[in-house]
Structures are given as C-alpha cells and as structure tokens.
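Colleague: no sequence on hand, only this structure:
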C-alpha cells in the first residue's frame with residue numbers, strides 16, 4: 001500500500017519584497033503619494049513643475065524618488081526596521097529600569113508596621 005504524499009514548500013520563511021521593499025514600505029510610499037497629492041491641491045491648482053501640473057508631479061515623482069531613498073536607507077538593516085523605527089518614535093522613553101525615577105517621591109509599596 002503506497003502513501004500519497006503532499007509536497008511541502010521549503011521556502012516559507014522567504015522574505016516577500018517588491019523592488020527591494022517590504023509590504024509596510026510600499027504602504028508608506030502609497031500614503032506619501034496620497035499626502036503629496038492633497039498638499040499640492042491646497043497649494044495651487046494652476047502651478048506647474050517641468051511642464052506638468054504640480055499635483056501630478058507631487059503624486060508620482062516624489063514617491064518614485066522615495067523608493068530609491070528607502071532602498072538605500074534600509075540597505076543592510078534587518079527585516080521590519082522601518083516599523084520598529086516608527087514605533088521607537090511613538091513609544092514612551094524607557095531607557096533603563098535600574099535608574100531611579102526623578103518624579104517619584106515616595107514608594108508605591110507601603111510596608112506594614114508590626
């Protein structure tokens with residue numbers, strides 16, 4: 001009696017990238033394109049850069065320039081570096097657990113008297 005075998009893919013831990021960028025980086029580039037388009041609409045409707053309208057320039061050229069910058073910025077850095085960097089800016093500053101708190105004047109734990 002023979003066993004039916006199912007092929008197992010061995011590359012489950014392979015990084016999924018597009019143009020050398022991770023999924024989170026591409027979300028950043030797309031949100032940058034939307035933000036630049038909105039900012040260009042607020043600046044002027046008739047402004048032109050290199051013969052094209054400002055909103056088209058800001059929507060397509062600025063994110064297209066951001067992709068090589070992100071590739072160079074993330075070169076040699078570990079996976080998920082950009083999200084960790086953004087979290088470090090948002091997270092509270094907790095530098096060392098051994099250092100005394102300058103704002104704490106009395107202890108939280110009250111010792112019982114006998």
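Modeller: Looks like it arrived, so ask away. Just so it is clear, the structure is predicted and the values come from calculations on it, not from any experiment.
Colleague: show the model's pLDDT score for residue 114.
Modeller: We have a pLDDT of 68 for residue 114.
Colleague: same check on residue 52?
Modeller: For residue 52, the model assigns a pLDDT of 85.
Colleague: which residue ranges form the strands in this protein?
Modeller: Remark: strands assigned in the chain by DSSP state E are 48-49, 52-53.
Colleague: to residue 62, which of these lies closest?
Modeller: strand 48-49 (10.4 Å; C-beta to C-beta). C-betas here are computed from N, CA, C, even on glycine.
Colleague: sheet partners, orientation included, of the closest one?
Modeller: Taking DSSP bridges as the criterion, strand 48-49 forms sheet pairs with strand 52-53 (antiparallel).
Colleague: for the lowest-mean-pLDDT helix or strand in the chain, which helices and strands make contact with it?
Modeller: Here the helix or strand of the chain ranked lowest by mean pLDDT, DSSP states H and E is helix 54-56, holding a mean of 82. Judged by 3 or more C-beta pairs under 8 Å, 6 or more residues apart in numbering; DSSP states H and E, helix 54-56 is in contact with helix 23-43.
Colleague: could you pull out the helices for the protein?
Modeller: Applying DSSP state H to the chain gives helices spanning 23-43, 54-56, 62-73, 81-90.
Colleague: wait, which of those helices is closest to residue 5?
Modeller: helix 23-43 (32.2 Å).
Colleague: circling back: which parts of the least confident helix or strand of the chain are buried?
Modeller: 54, 55 (16 or more other C-beta atoms under 10 Å).
Colleague: run the chain-centre distance for it.
Modeller: The chain centroid and the centroid of helix 54-56 are separated by 25 Å, computed with C-alpha atoms, centre = their mean, to the nearest Å.
Colleague: which residues sit against that helix?
Modeller: If you take C-beta atoms under 8 Å, 6 or more residues apart in numbering as the criterion, helix 54-56 is touched by 37, 40, 41, 43, 44, 47, 48.
Colleague: for stretch 27-42, same thing?
Modeller: For stretch 27-42, contacts defined as C-beta under 8 Å, 6+ apart pick out 21, 47, 54-55, 57-60, 62-63, 66-67, 70, 82.
Colleague: make it 7 Å
Modeller: 54, 55, 58, 59, 62, 63, 66, 67, 82 (C-beta atoms under 7 Å, 6 or more residues apart in numbering).
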